[in-house]
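Chemist: Make a model of this:
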Amino acid sequence: IVHSSNEKALYHTLQENPSKCNRLTFKCNALHLFLHFNSIEHCRNLKYIPFICKTDRSIVFFYHFTNTLNTMPMSDIIFLGCFQAFIFLSCFAVCYYKKQNPGLVLIFNLIISMESGSLNHELLKFFEYDSSVPTGSAFYQQRSKLSVSAFRHLLKEFNLKFPLEKFRGKYYLIACDGSEFNIARNPNNPDTFHEPNGKSLSGFNMVHTISLYEVCSKRYLDLEVQPGRLKNEFQAICNLMDRYAYGGSPIFIADRGFSSYNVFAHAIENNVDFLIRAKDLNVQHFLGVGTLPDKLDTTIELILTRTQSKKKHKHAEKESQYRYICKNIAFDYLDPDDISDEYLLKLRIVRVEVSDGVFENIITTLSEEDFTPDDIKYCYNLRWGIETSFRDLKHTIGATNLHSKKTEYVAFELWSKLILYNFCSIIILHVPVKSMDRKYEYQVNVSLAMKICFDFLRGVAPPNLESLISKYILPIRPDRNYARQHRVQKPLSFSYRFV
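Modeler: Residues are numbered from 1 along each chain as shown. All right, here's what the predicted structure looks like:
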């Protein structure tokens with residue numbers, strides 16, 4: 001038994017001092033183990049597999065898996081050509097290896113590549129109908145040892161392997177929007193269950209997601225999953241801004257459901273710009289006017305405070321700029337109990353015409369020198385890319401076909417679908433489409449291309465992937481729009497699934 005508090009030192013000690021004994025225990029106070037494989041060969045030669053012991057919080061290394069790793073396909077060891085594997089275990093989870101239990105990396109690949117079939121059918125397909133296929137119970141036990149931070153980290157590291165495209169060579173245009181996913185019906189879960197109403201006679205359970213989507217690269221960057229009854233989009237986008245980790249000069253683009261003082265302040269404090277649409281009523285309150293002109297481009301300064309007493313305002317000469325925030329409204333940069341605390345907020349408000357006689361208000365921190373009102377209008381219109389991505393994510397990638405009941409495990413599958421979506425998107429964007437003298441420009445058939453990419457990941461499609469995808473193209477018809485159809489969709493039963 002070797003005692004140390006440094007995780008990397010523990011790992012290197014293990015590699016430099018191999019032993020024939022089948023167990024080595026390292027004392028460590030960390031809650032999670034960060035296991036870093038530097039290369040494929042390093043992963044293949046790994047002799048000791050780490051787990052966190054429940055009894056004394058030590059990290060236990062079991063001498064096993066060597067033969068399994070040597071015979072395992074490369075795609076099973078390291079996912080999607082990413083030469084780093086990050087494995088996170090839930091705090092103090094006990095892991096006893098059994099012959100039929102799939103390894104952790106296999107669990108990641110399995111969850112990511114699940115289709116619309118039942119769980120047992122997915123296990124049969126993934127393990128190629130081997131007679132020693134793990135049972136559903138074994139899958140549940142192994143899945144319970146994972147943490148959602150593992151999927152978040154895997155998505156981030158995978159994105160970092162392929163640089164994002166920049167707008168004007170400098171900016172990342174990041175759309176933020178929410179979407180809902182129906183899950184298995186469970187009336188005993190008050191956080192997700194919606195009572196019967198005119199649209200649903202039996203009621204339904206639902207989770208709400210808020211995603212970050214880079215519109216130029218057509219990739220998801222981050223995700224927040226909330227129970228449907230406890231959704232808070234303001235807090236979700238603040239969390240996403242706080243943990244943004246892709247560098248550059250990001251511009252967060254969001255609809256009017258995200259217009260909030262707290263959101264604006266979080267963006268400013270995290271040094272990110274934003275374009276957020278706002279209702280006329282909100283803009284009138286910001287400007288202190290009763291009506292709005294057809295076109296507007298102005299910069300305002302607001303002083304936010306928790307008191308309505310003019311005597312306690314620090315800047316009496318700027319009384320018209322004060323805006324009161326009550327204690328019940330979240331604002332993370334004002335102490336609810338300190339009425340003397342103030343926060344200065346500087347915003348630019350742009351009002352543009354989107355169609356004949358229809359005007360929209362956009363609140364931003366972008367300067368007038370770098371972005372004209374037409375530039376802001378163009379960038380905001382690109383936000384629609386996240387709406388079409390939801391369609392592909394749900395109906396092409398199959399995010400509506402979930403295999404879990406608990407919100408925690410539903411989040412695992414949703415994160416996995418984002419990773420799979422990005423994998424397909426990276427390939428599709430690199431497929432060349434021949435330019436010919438035609439009436440319309442053409443693009444790849446995204447739905448079919450994603451299905452081909454998915455089969456390629458499962459080892460079904462031919463190796464000449466780009467050539468195959470380029471054969472299926474569709475014309476780009478601009479200025480086409482349809483009314484959005486709102487309808488309640490029930491989740492697919494676990495028992496009755498398509499083959």
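
Chemist: contacting residues for the residue nearest to Asp280 when sequence neighbours are not counted?
Modeler: Distances taken as C-beta to C-beta, 6 or more residues apart in numbering place Leu292 nearest to Asp280, at 5.9 Å, with adjacent residues excluded. (C-beta placed from N, C-alpha, C; glycine too.) When contacts are counted by C-beta atoms under 8 Å, 6 or more residues apart in numbering, Leu292 is found next to Asp280, Val283, Gln284, Arg351, Phe359, Asn361.

Chemist: Work out for me the element Leu292 sits within.
Modeler: Secondary structure from DSSP states H and E places Leu292 outside every helix and strand.

Chemist: State the number of residues packed around the residue lying closest to Ile107 once chain neighbours are set aside.
Modeler: Among residues not flanking Ile107 along the chain, Gln142 sits closest, at 5.1 Å (C-beta to C-beta, 6+ apart). Neighbours of Gln142 under the rule other C-beta atoms under 10 Å: 20.

Chemist: Show the subsequent helix or strand relative to the host helix or strand of Gln142.
Modeler: For Gln142, the host element (DSSP H and E) is helix 136-143. Sequence-wise, the next helix or strand downstream of helix 136-143 (DSSP H and E) is helix 148-161.

Chemist: right, and the helix or strand after that next one?
Modeler: Toward the C-terminus, helix 148-161 is succeeded by strand 171-183 as the next helix or strand (DSSP H and E).

Chemist: Let's test this: mean pLDDT of that next one, rounded?
Modeler: Strand 171-183 carries an average pLDDT of 96.

Chemist: Please enumerate residues in contact with the helix or strand following it?
Modeler: Next helix or strand after strand 171-183 toward the C-terminus (DSSP H and E): strand 193-194. The contact list for strand 193-194 (C-beta under 8 Å, 6+ apart) reads Arg185, Asn186, Pro187, Ser200, Gly203, Phe204, Asn205, Met206, Gly228, Arg229.

Chemist: Which strand or helix spans the nearest residue to the second one once chain neighbours are set aside?
Modeler: Using C-beta to C-beta, 6+ apart and skipping residues adjacent in sequence, the residue nearest Asn186 is Asn205, 5.4 Å away. In this assignment (DSSP H and E), Asn205 forms part of strand 204-214.

Chemist: Quick one: work out the angle between the helix or strand harbouring Met241 and strand 171-183.
Modeler: Per DSSP H and E: Met241 is located in helix 233-242. Relative orientation of helix 233-242 and strand 171-183, computed by axes from the mean of the first three to the mean of the last three C-alpha atoms, to 10 degrees: 130 degrees.

Chemist: Kindly format the C-alpha coordinates of the helix or strand that helix 233-242 is followed by as PDB.
Modeler: Downstream of helix 233-242, the next assigned helix or strand under DSSP H and E is strand 249-254. C-alpha atoms of strand 249-254 as PDB (Å, rounded to 0.1, in the frame of the first residue of the first chain):
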ATOM      1  CA  SER A 249     -14.600  35.700 -28.700                       C
ATOM      2  CA  PRO A 250     -18.000  34.100 -28.100                       C
ATOM      3  CA  ILE A 251     -21.300  35.800 -28.900                       C
ATOM      4  CA  PHE A 252     -24.200  34.200 -27.200                       C
ATOM      5  CA  ILE A 253     -27.400  34.500 -29.200                       C
ATOM      6  CA  ALA A 254     -30.700  33.800 -27.500                       C
END
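
Chemist: on contacts alone, who are the packing partners of the strand holding Asn205?
Modeler: Identification of packing neighbours for strand 204-214 by 3 or more C-beta pairs under 8 Å, 6 or more residues apart in numbering; DSSP states H and E yields strand 171-183, strand 193-194, strand 219-227, helix 233-242, helix 384-391, helix 407-429.

Chemist: for Asn120, what are its contacts?
Modeler: Contact analysis of Asn120 by C-beta under 8 Å, 6+ apart lists Gly136.

Chemist: Touching, Pro336 and Lys327? I think so.
Modeler: Yes. Pro336 is within contact range of Lys327, at 4.7 Å (criterion: C-beta atoms under 8 Å).

Chemist: okay, those two: which has more neighbours?
Modeler: A count of neighbours by other C-beta under 10 Å puts Pro336 above the other of Pro336 and Lys327, at 14 against 11.

Chemist: and the gap between the nearest residue to Thr305 once chain neighbours are set aside and Ile329?
Modeler: Of all residues not flanking Thr305 in the chain, Glu342 sits nearest, at 5.1 Å (C-beta to C-beta, 6+ apart). Per C-beta to C-beta, to the nearest Å, Glu342 is found 15 Å from Ile329.

Chemist: Quick one: low-confidence residue ranges for this protein.
Modeler: 1-103, 461, 482, 484-499 (pLDDT under 70).

Chemist: farthest residue from the center of it?
Modeler: Residue farthest from the centre of the chain, counting by C-alpha atoms, centre = their mean, is Lys311 at 46.1 Å.

Chemist: those strands in the stretch 301-450 of the chain, which residues are they?
Modeler: Here the stretch 301-450 of the chain has its strands, by DSSP state E, counting those that start in this stretch, at 322-324, 342-355, 358-364, 442-444.

Chemist: Return the distance of stretch 396-405 from the chain's centre.
Modeler: Relative to its chain's centre, stretch 396-405 lies at 15 Å (C-alpha atoms, centre = their mean, to the nearest Å).

Chemist: swap in stretch 275-284?
Modeler: Put simply, stretch 275-284 sits 26 Å off its chain's centre (C-alpha atoms, centre = their mean).

Chemist: And for it, what's in contact with it?
Modeler: Contacts of stretch 275-284 (C-beta under 8 Å, 6+ apart): 251-256, 258-259, 263-264, 286, 290-292, 349, 351, 360-364, 366, 376, 379-380, 383.

Chemist: what comes up buried for it?
Modeler: Using 16 or more other C-beta atoms under 10 Å as the test for burial, stretch 275-284 gives Leu275, Ile276, Arg277, Ala278, Asn282, Val283.

Chemist: what kind of secondary structure is the first one in?
Modeler: So the one you mean is Leu275. Three-state assignment for Leu275 (DSSP: H, G, I helix; E, B strand; the rest coil): strand.

Chemist: roughly how far apart are it and Ser144?
Modeler: Taking C-beta to C-beta, one finds Leu275 at 41 Å from Ser144.

Chemist: related to what we said a few turns ago, quick check on the contacts of stretch 275-284: which are buried?
Modeler: 251-255, 258-259, 263-264, 286, 292, 349, 351, 360-364, 366, 376, 379-380, 383.
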